[in-house]
Every structure is written in C-alpha cells, then in structure tokens.
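In: I would like the atomic coordinates for the input below:
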Amino acid sequence: MTLRIDPEQNEVRALEQVTDWRGKRVLEIGCGDGRLTRRLAELGAKVLAIDPDAERVRAARKALPQKFAKLVQFKPGSAERIAHPDASFDAVILAWSL
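Out: Numbers count the residues shown, from 1 in each chain. As a prediction, this is how the structure comes out:
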C-alpha cells in the first residue's frame, strides 16, 4: 500500500494563501524527509532545509528531484544553532516537528 500525504493539495493551497513564495529565501527547520521542502520549491521558494537527523537529511537530499537542485539545500542542523545572521531569510517555517 502506498502512503499518499495530502492528495487534495490542501497544504499547498494553504501555503499559497500565506504569501507569494517565488524568489523568497526560506529556512525550513525540521525538514525531515523533505516533503514540505519540495512543496515550497514547487511554489518558487529558495529553501535551506535543516534537520538534526543527518540520516534524514541524506535521504531527503537523495530523493530531491533534479529540477529543484538550484532551489533547495539540505543541511544537518537545529533551531538552537542557526549559523546565519538575522534577516538572512524572508520566512522561517517549522511544521510537523517536535
């Protein structure tokens, strides 16, 4: 059985209502498998996606479609130690993360 998450695209529609993501620099904290990361890239965002689990970061990087290679960067990291100066991003997202 294949698991399909949000086949109705409710999450994407909700993201579209927040802002126009095209060209926005986004920090995604707790990216996990990159599901939301890919959706942000589809909307045109430039995403730095971090997660404290290096194995999940490797898996997300491996699963990233080539068409998003210039829009997405995956790195191991945590919210407690973000190595970027203030105002480096237009938006920061933390969703479905503990």
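In: quick one, what contacts the residue most central in space within the chain?
Out: Residue closest to the average C-alpha location in the chain (C-alpha atoms, centre = their mean): residue 37, at 2.5 Å. Neighbour list for residue 37: 28, 31, 47, 49, 60, 64, 72, 74 [criterion: C-beta atoms under 8 Å, 6 or more residues apart in numbering]. For glycine as for every other residue, the C-beta is placed from the backbone atoms N, C-alpha and C.
In: quick one: the helix or strand encompassing it to chain centroid distance?
Out: Element membership for residue 37, per DSSP states H and E: helix 35-42. In terms of C-alpha atoms, centre = their mean, to the nearest Å, the centre of helix 35-42 is set 5 Å apart from its chain centre.
In: next one: stretch 64-80
Out: 7 Å.
In: in it, what counts as buried?
Out: 64, 71-72, 74, 77 (16 or more other C-beta atoms under 10 Å).
In: ok, now stretch 80-98?
Out: Applying 16+ other C-beta under 10 Å to stretch 80-98 flags 82, 89, 93 as buried.
In: and these, which is closest to residue 41?
Out: Distances from residue 41 to the buried residues of stretch 80-98, taken as C-beta to C-beta, are shortest for residue 93 (12.4 Å).
In: from residue 47, how far off is the closest one?
Out: Distance, residue 93 to residue 47, by C-beta to C-beta, to the nearest Å: 9 Å.
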